[in-house]
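[1] Got a predicted structure here, sequence first:
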Amino acid sequence: WVSSPPLFNLVGEIRGTDKANELVMLGAHLDSWHASTGATDNAAGSAAMLEAMRILKQSGVVLRRTVRLALWTGEEQGLVGSALYVRQHFGGGRGGRGQPPAPPTPDHATFSAYFNIDNGTGAIRGVYLQQNQAVAPIFRAWMEPLRALGMTHLNYGNTGGTDHTSFDNAGLPGWQFIQDDVEYGSLTHHTNLDSYERLQPEDMRRNATIAATFAFLAANREERLPRKPAPV
């Protein structure tokens, strides 16, 4: 796929220690709809994930696995940036734009988790599990210390329309956080009102803290997070 002008993903990482070859990812899409500045879709998610990485770096916590941040391009055109990244780095899943499925790469086997923010400026309340039943007790335990921040819900079903599905389609563990709507569906999503005054600073600080916590816990648990059974 060729774009004009050229587009790119923005990627950075904090290298792990004894499990540095295994990977935990945080992500959000950096592109926006043309009608406004894209504050809630998705500068809010991008900023929260950048702050989560800053928290991990500045706190000095030890991370056993490498934690990588990706800010995706082309989400609004059909998850282009994340789909191509997954195909090139991990393989697996369905081919895009008429391409056959790519064979899994060695990094597919060592991938642990991807967490995504892309539902506006509202506070995170939980996680969509993408029908991954095995991860539910793990996330429930992780959420317990975060109840005071409003992190209480697990949705066992799927949600789509954003970059975690590029990972899920490739058989990789990928999740989207559940968020308060805060005008997203009714006012700011893909409209000319999606500008900075719609952002909720306290919610965004809360979201960065939750994302950093999930990345830290995923990076440091003994085993990688469980995957869904492969489709028959």
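    Looks like it arrived, so ask away.
[2] by contact count, what packs against the strand of greatest length in the chain?
    With residue count as the measure and DSSP state E as the assignment, the chain has strand 19-29 as its longest strand. Counting by 3 or more Cβ pairs under 8 Å, 6 or more residues apart in numbering; DSSP states H and E, the packing neighbours recorded for strand 19-29 are helix 44-59, strand 65-72, helix 80-89, helix 106-110, strand 111-116, helix 201-220. Just so you know, the C-beta spots here come from the backbone N, C-alpha and C atoms, and that holds for glycine as well.
[3] swap the cut-off to 6 Å and go again
    Helices and strands touching strand 19-29, as assessed by 3 or more Cβ pairs under 6 Å, 6 or more residues apart in numbering; DSSP states H and E, comprise helix 44-59, strand 65-72, strand 111-116, helix 201-220.
[4] first to last residue in stretch 146-158, what's the distance?
    Stretch 146-158 stretches 23 Å from its first residue to its last (Cα to Cα, to the nearest Å).
[5] Averaged pLDDT, that stretch. What do you get?
    Regarding stretch 146-158, the rounded mean pLDDT is 96.
[6] Tell me the buried residues in it?
    Along stretch 146-158, these residues count as buried under the neighbour rule (16 or more other Cβ atoms under 10 Å): 146, 149, 151.
[7] so who does the last one touch?
    Translated: Met151. Contacts of Met151 were listed using Cβ atoms under 6 Å, 6 or more residues apart in numbering, and they are 143, 210.
[8] Repeat the analysis, applying 7 Å as the threshold.
    By Cβ atoms under 7 Å, 6 or more residues apart in numbering, the residues touching Met151 are 124-126, 143, 210.
[9] Can you tell me which of these is nearest Asn158?
    Gly126 (14.2 Å; Cβ to Cβ).
[10] Hmm, Thr73 is touching Leu7, no?
    Yes. With the criterion set as Cβ atoms under 7 Å, Thr73 and Leu7 qualify as a contacting pair; they are 4.2 Å apart.
[11] between those two, which one's more packed in?
    Thr73 (21 against 16; other Cβ atoms under 10 Å).
[12] Could you check how far that one is from Leu30?
    In this structure, Thr73 and Leu30 are separated by 6 Å, where distance is defined by Cβ to Cβ, to the nearest Å.
[13] likewise Thr105?
    Relative to Leu30, Thr105 is positioned 24 Å away (criterion: Cβ to Cβ).
[14] Among these two, which residue is more densely surrounded?
    Between Thr105 and Leu30, Leu30 has the larger neighbour count (other Cβ under 10 Å), namely 21 against 15.
[15] Now do the same contact list for that one.
    Listed by Cβ under 7 Å, 6+ apart, the contact partners of Leu30 are 10, 46, 71-73.
[16] ok so, going back, need the buried residues of stretch 146-158 in a markdown table (columns: secondary structure).
    As requested, the buried residues of stretch 146-158 are exported to a markdown table (DSSP: H, G, I helix; E, B strand; the rest coil):
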| residue | secondary structure |
| --- | --- |
| Leu146 | helix |
| Leu149 | helix |
| Met151 | coil |
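[17] My read is that Ala35 contacts Asn192, right?
    Yes. Using Cβ under 7 Å, Ala35 and Asn192 qualify as a contacting pair, with a distance of 4.2 Å.
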